[in-house]
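[1] predicted coordinates and the sequence they were generated for:
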Amino acid sequence: VTRVYERAALVGTGGIGGSLFLALRQAGAIASAVGFDRSTEAAERARARGIVDAVAATAAEAVRGADLVVLAVPVRATAEVCEAIAPSVAAAPSVLVTDVGSTKAEVLAAVERALPFPERFVGGHPMAGSERSGPDAADAALFRGRRCLVVPSARARAEAVAECRALWERAGAQVELMDAARHDEAVALVSHLPHVAAFALAAAVGDAAAAEGLSGGGFVDTTRIAASDPVMWRDIFLSNAGPVLAAIERLDGELSGLRRAIARGDGAAIEAIIERARAGRRRVLGGRG
Ligand code: NAP
């Protein structure tokens with residue numbers, strides 16, 4: 001599918017949506033683009049950076065007449081954006097609507113409730129990004145060689161799924177199709193739990209007077225992502241609460257095991273835990289890192 005979108009709309013002109021539009025423009029997939037953001041400063045900055053050509057006053061106005069709509073707002077804002085753009089989408093039956101959100105079951109449910117053509121919606125989640133946010137964090141090369149999980153709802157049309165897959169491939173990503181439940185469980189483990197751990201670790205160390213002004217490599221390496229945006233992560237934790245809580249249980253179990261082994265001076269148990277950690281890390285990274 002090598003459709004060229006005459007008018008692409010971006011709602012949420014931040015780091016991830018901005019990166020996608022820069023990549024699609026470079027690939028010649030978008031002829032013109034219009035953006036809307038709750039922050040007019042972010043929208044204007046996105047225009048200055050060439051992410052979009054024009055800024056709309058509302059989400060509905062951005063989407064009116066669009067043949068591609070990308071939602072790139074914090075996940076819990078997706079429902080209200082869908083309600084706002086529903087009338088504009090109703091007038092465009094061949095539009096492709098997609099998103100970049102980090103959780104999927106709740107997003108798909110919101111889309112099915114609010115959009116007149118939920119069969120034209122296919123969810124996307126690029127497994128790339130950083131702790132930076134805003135249009136200045138946008139980078140045309142961000143998705144190159146990275147995985148993008150494409151998550152259709154049960155109602156999505158096959159052509160829309162193929163089109164969404166092609167879209168992410170043109171942005172440089174390697175696409176993998178996945179259902180929403182499996183997606184949410186997997187990302188709770190490989191993305192959301194690391195953020196839980198980094199936030200908890202940075203808060204625990206940051207509150208300790210003895211640590212002030214000293215930062216070892218271990219602290220730097222394990223807490224980079226603790227500098228991430230609070231609103232974005234609040235929304236992710238709340239919209240994926242079940243899988244995130246199940247993942248936290250696993251971490252709790254590991255912390256208790258390590259604490260017990262240290263308390264009873266059990267060197268063999270400590271070594272065994274670290275060996276299991278090293279093997280687990282290799283397995284998850286699959287030869288990388
Ligand atoms: P970002 O840079 O902060 O951009 C999001 C933009 O959306 C902000 O400008 C924000 O404005 C705006 N916004 C918030 N609510 C809105 C609403 N109701 N209507 C219109 N605009 C609204 O965030 P991002 O990193 O691009 O993240 C966007 C999405 O990508 C999130 O769903 C996130 O889960 C997902 N994602 C992020 C990463 C990552 O590593 N960052 C990776 C994969 C997926 P304000 O600043 O005024 O709130």
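    Structure received.
[2] would you mind listing what in the stretch 51-200 of the chain touches the ligand?
    Residues of the stretch 51-200 of the chain lying close to the ligand (CB under 6 Å from any ligand atom) are 72-75, 77, 80-81, 100-102, 125-126, 129-130, 133-134, 137. Backbone N, C-alpha and C define where each C-beta goes, glycine included.
[3] could you redo the last one with a cut-off of 8 Å?
    Contacts of the stretch 51-200 of the chain with the ligand, taken as CB under 8 Å from any ligand atom, map to 59, 72-75, 77-78, 80-81, 84, 99-103, 125-135, 137.
[4] what is the host helix or strand of residue 234 packed up against?
    The secondary structure element spanning residue 234 is helix 230-239 (assigned by DSSP states H and E). With contacts defined as 3 or more CB pairs under 8 Å, 6 or more residues apart in numbering; DSSP states H and E, the packing partners of helix 230-239 are helix 193-206.
[5] how about residues contacting the helix it packs on?
    Outside helix 193-206, the residues within contact range by CB atoms under 8 Å, 6 or more residues apart in numbering are 211, 219, 222-226, 228, 233, 236-237, 244, 247-248, 250-251.
[6] any idea how far the helix holding residue 234 is from the chain center?
    For helix 230-239, the gap between its own C-alpha mean and the chain's C-alpha mean amounts to 11 Å (CA atoms, centre = their mean, to the nearest Å).
[7] okay, the angle between that helix and helix 193-206?
    120 degrees (axes from the mean of the first three to the mean of the last three CA atoms, to 10 degrees).
[8] ok, for whichever residue of the stretch 101-250 of the chain sits closest to the ligand, nearest residue in space, not its chain neighbours?
    Taking CB to the nearest ligand atom as the measure, the point where the stretch 101-250 of the chain comes nearest the ligand is residue 129, at 2.0 Å. Residue nearest to residue 129 in three dimensions, not counting chain neighbours: residue 16, with 5.9 Å by CB to CB, 6 or more residues apart in numbering.
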